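A.B. asks: task: produce atomic coordinates for the following.
(chains A and B, ligands or ions: 3)
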Amino acid sequence: MATTKMTATVIHQEPIGTGIFSMQLQAAEIAKQAKPGQFVNLYSKDGSRLLPRPISLCEINGEAGTLRLVYRTVGKGTEEFARLHAGDKIDIMGPLGNGFTMQEEKAILIGGGIGIPPMLQLAKELSQQSVEVQVVLGYRDETFLDEEFAPYGTVYFASEDGNHGVKGTVMDAIREYGITGNVIYACGPTPMLRAIQAYALENGIVAQLSLEEKMACGIGACLACVCKSKEKDHHTNVNNKRICKDGPVFFAEEVEF
Amino acid sequence: MNTAVTIAGVTWKNPVTVASGTFGSGAEYSELVDLNQLGAVTTKGVANIPWQGNPTPRIAETYGGMINAVGLQNPGIDLFTQRDIPFLKQYDTRIIVNVCGKSVTDYVEVVERLGDEPVDMLEINVSCPNVKEGGIAFGQDPKALFEITKEVKAVAKQPIIMKLSPNVTDITEMAKAAEAAGADALSLINTLTGMKIDIHKRTFAVANKTGGLSGPAIKPVAVRMVYQVAHAVQIPIIGMGGIATGEDAIEFIMAGATAVSVGTANFHDPMASVKVAQGIEEYMKRYGVEDINELRGCVE
Ligand SMILES: Cc1cc2nc3c(=O)[nH]c(=O)nc-3n(C[C@H](O)[C@H](O)[C@H](O)COP(=O)(O)OP(=O)(O)OC[C@H]3O[C@@H](n4cnc5c(N)ncnc54)[C@H](O)[C@@H]3O)c2cc1C
Ligand SMILES: Cc1cc2nc3c(=O)[nH]c(=O)nc-3n(C[C@H](O)[C@H](O)[C@H](O)COP(=O)(O)O)c2cc1C
Ligand code: FES
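C.D. replies: Ligands and ions are numbered 1, 2, ... in the order given. Model prediction:
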């Protein structure tokens, strides 16, 4: 598998929530080798913004050579991307990172906020392998992507304001609905991932957690994006793993964050 | 057309290398960049033992640049010599190993260990805090710089490049101290100490509070320092600081650099180093320059 830097073409872009955008890209070289949980780096056209913006793959269509990204505008870089229209070009690099390890076991997919997008491609691929898929989605208030998971499994919701599903966090939803499974796949804010890590370790459930950190190279060379690892890492030779290269997905017992 | 340059007796096929710490040991980038097209590969700093580095966040973007406080995380010289040097030996490029340490003896140990390794040059990063002398970097005190250069030269089997810090009042004083102690070449500049505050979180943008500023934002400072140093010493200079294009590289060469390094630009474009080498050739063709060495220091 080879990482590719290329100029992709925007096929379609639309807002799907307040400050949440869904962008379809034509990027065949990347799409044909990508898997769920991997990400791409997006590059700004403005020379004042040098560093790439890492964004997870929400959907991958290897045959059509397309990628779908769903992202929230938080600063100048994502605001620039949100202004792109069909036909516009954008430099991207990928696929980056390890992605999720597909396990043929009853699955609980947990997405919190802007951690929800990578769960969609994962849900699709797991259901294609006839894995029993349960999806737990956590929102602050407004929902997005919520209706797209239905074809792939049973979907549960939690929201902070209680307007959608259980009032509270994804962990509250898991308890309230008595959701059980053998493997957890999760992406979302750090406090959520910490709670899932503790829950998985206590209950002896396998959990794959997708972590985030500020990145520069995105390919494992600069050591900007590390997290602490329980064991000495074979590459770095210290107790640090590179989130961009060895992750972003780690097993719960591997990392401290 | 000649693009080859010779630094301390070592000939590079072109005057472009990558700046230490931005390119690992080349393995990750080799998927995207043909390392054979570089004059040299300069590795991430390596110490006598593995270093854990700083807490995260280690980097922050700034206008036209970035701040980093990676803290010289490195796997230590043992794994480095087993894995990284053999990897680089597969390519037709010069190998420059960047060395860091917390005391003079740390540096000397690494330089000695590298003596019998097939590497072409050693670059000594004196921006590391000297733990024994209360944390002041070796590169900020001309006496300390003279001492460490002398000690390193005494054991080195490869030419020594002393990498100068810009965080000093007069960089020519540092350059002269390194030259007087026997340095074979100089590289400059390392990063400028900076700070960024996240006003939304009311905290420092990098966990270390301060970090090194790099990227196009620092280029004019770097060009000025290369020019000053070129007029203060006789030994060759590898210029760096914000180089992203062939034109940027030409500027450094005209200021007096023999070769250049591409650092932060690799993060915006992994192919930046090779594009800089190509851009230099394009400039030479455009102006009918037969030999890159003609341009060195051409602005007096
Ligand atoms: C592996 C990975 C996958 C991601 N996937 C998604 C996704 O699918 N959808 C989505 O909306 N967001 C995702 N993010 C977060 C996204 O990268 C940031 O929101 C984005 O970089 C912000 O850029 P900006 O210029 O708008 O913000 P600014 O705050 O102006 O960015 C300044 C700098 O900080 C970096 N930065 C800011 N926030 C983050 C962050 N949370 N993580 C890492 N770097 C950050 C930027 O890349 C840039 O270098 C992901 C992050 C990682 C590490
Ligand atoms: C992430 C990062 C890591 C660095 N690590 C090292 C290092 O290990 N040793 C060193 O001598 N310089 C290190 N530097 C400094 C660069 O080699 C270079 O001197 C500086 O960044 C200026 O060049 P640039 O603007 O092209 O990046 C590092 C710079 C960056 C951005
Ligand atoms: S971003 Fe450079 S090592 Fe991860």
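A.B. asks: walk me through the domains of chain A.
C.D. replies: Domains of chain A are assigned by automatic domain parsing as A:4-96, A:107-256.
A.B. asks: in the stretch 101-250 of chain A, what spans have low per-residue confidence?
C.D. replies: Within the stretch 101-250 of chain A, no range satisfies pLDDT under 70.
A.B. asks: quick one: name the residues of it near ligand 3.
C.D. replies: Neighbours of ligand 3 within the stretch 101-250 of chain A, by Cβ under 6 Å from any ligand atom: A:215-218, A:220-225, A:242, A:244. Heads up, the C-betas are built off the backbone N, CA and C, glycines and all.
A.B. asks: could you list which of the residues you listed also contact ligand 1?
C.D. replies: Among those, the residues lying close to ligand 1 (Cβ under 6 Å from any ligand atom) are A:Met215.
A.B. asks: would you pull up the residue in chain A closest to ligand 2?
C.D. replies: Using Cβ to the nearest ligand atom, the closest approach of chain A to ligand 2 is made by A:Cys222 at 4.7 Å.
A.B. asks: pull up the gap between that residue and chain B, please.
C.D. replies: 6 Å (Cβ to the nearest Cβ, to the nearest Å).
A.B. asks: any idea how far B:Thr149 is from A:Val255?
C.D. replies: Separation of B:Thr149 from A:Val255 (Cβ to Cβ, to the nearest Å) stands at 41 Å.
A.B. asks: between the two, point out the one with more neighbours.
C.D. replies: Taking neighbours as other Cβ atoms under 10 Å in any protein chain shown, B:Thr149 and A:Val255 compare with B:Thr149 leading, 25 against 22.
A.B. asks: do a quick rundown of the helices in the chain.
C.D. replies: Since no chain was named, I'll use chain A. Per DSSP state H, chain A carries helices over the ranges A:28-31, A:76-82, A:117-128, A:170-177, A:190-203.
A.B. asks: my question was about chain B
C.D. replies: Along chain B, the stretches classed as helices by DSSP H are B:77-79, B:85-89, B:104-114, B:142-155, B:171-180, B:219-230, B:246-255, B:265-268, B:272-286.
A.B. asks: tell me which of these sits nearest to A:Leu193.
C.D. replies: Smallest distance to A:Leu193 across the helices of chain B (Cβ to Cβ): 26.1 Å, for helix B:265-268.
A.B. asks: contacting residues around the residue nearest to B:Met271 when sequence neighbours are not counted?
C.D. replies: The shortest distance from B:Met271 to any residue other than its chain neighbours is 5.7 Å, reached at B:Val33 (Cβ to Cβ, 6 or more residues apart in numbering or on different chains). The contact partners of B:Val33, by Cβ atoms under 8 Å, 6 or more residues apart in numbering or on different chains, come to B:270-271, B:273-274.
A.B. asks: roughly how far does A:Gly178 sit from A:Thr4?
C.D. replies: Going from A:Gly178 to A:Thr4 by Cβ to Cβ gives 44 Å.
A.B. asks: the two - which one has more neighbours?
C.D. replies: A:Thr4 (18 against 6).
A.B. asks: so that one touches A:Ala28, yeah?
C.D. replies: No - look at A:Thr4 against A:Ala28 with Cβ atoms under 8 Å: they stay out of range, at 9.6 Å.
A.B. asks: the residue in the stretch 51-200 of chain B positioned nearest to ligand 3: neighbour count?
C.D. replies: Using Cβ to the nearest ligand atom, B:Ile59 is the residue of the stretch 51-200 of chain B that sits closest to ligand 3, at 8.1 Å. By other Cβ under 10 Å, the residues close to B:Ile59 number 27.
A.B. asks: A:Gly65 reaches A:Gln33, doesn't it?
C.D. replies: No - if you go by Cβ under 8 Å, A:Gly65 and A:Gln33 don't touch, sitting 10.8 Å apart.
A.B. asks: show me what from the stretch 101-250 of chain A comes close to chain B.
C.D. replies: A:213-227, A:235-240, A:245 (Cβ under 8 Å from any Cβ of the partner chain).
A.B. asks: from the contacts of B:Val33, list the buried ones, please.
C.D. replies: Buried by 16 or more other Cβ atoms under 10 Å in any protein chain shown: B:270-271, B:273-274, out of these.
A.B. asks: name the nearest of these relative to A:Ala200.
C.D. replies: Lowest distance from A:Ala200 to those (Cβ to Cβ) belongs to B:Pro270, with 35.6 Å.
A.B. asks: in contact with the closest one, which residues?
C.D. replies: Counting by Cβ under 8 Å, 6+ apart, B:Pro270 makes contact with A:5, A:93, A:217, A:219, B:29, B:32-33.
A.B. asks: next: A:Gly188.
C.D. replies: A:110-116, A:138, A:170.
A.B. asks: try it again at 7 Å.
C.D. replies: A:110-113, A:115, A:138 (Cβ atoms under 7 Å, 6 or more residues apart in numbering or on different chains).
A.B. asks: including neighbour count, could these go into CSV?
C.D. replies: Rendered in CSV, the data for the contacts of A:Gly188 read as follows (neighbours: other Cβ atoms under 10 Å in any protein chain shown):
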residue, neighbour count
A:Ile110, 31
A:Gly111, 27
A:Gly112, 26
A:Gly113, 18
A:Gly115, 22
A:Gly138, 27
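A.B. asks: can you name the residues of chain B that neighbour ligand 1?
C.D. replies: Contacts of chain B with ligand 1, taken as Cβ under 6 Å from any ligand atom, map to B:Glu61.
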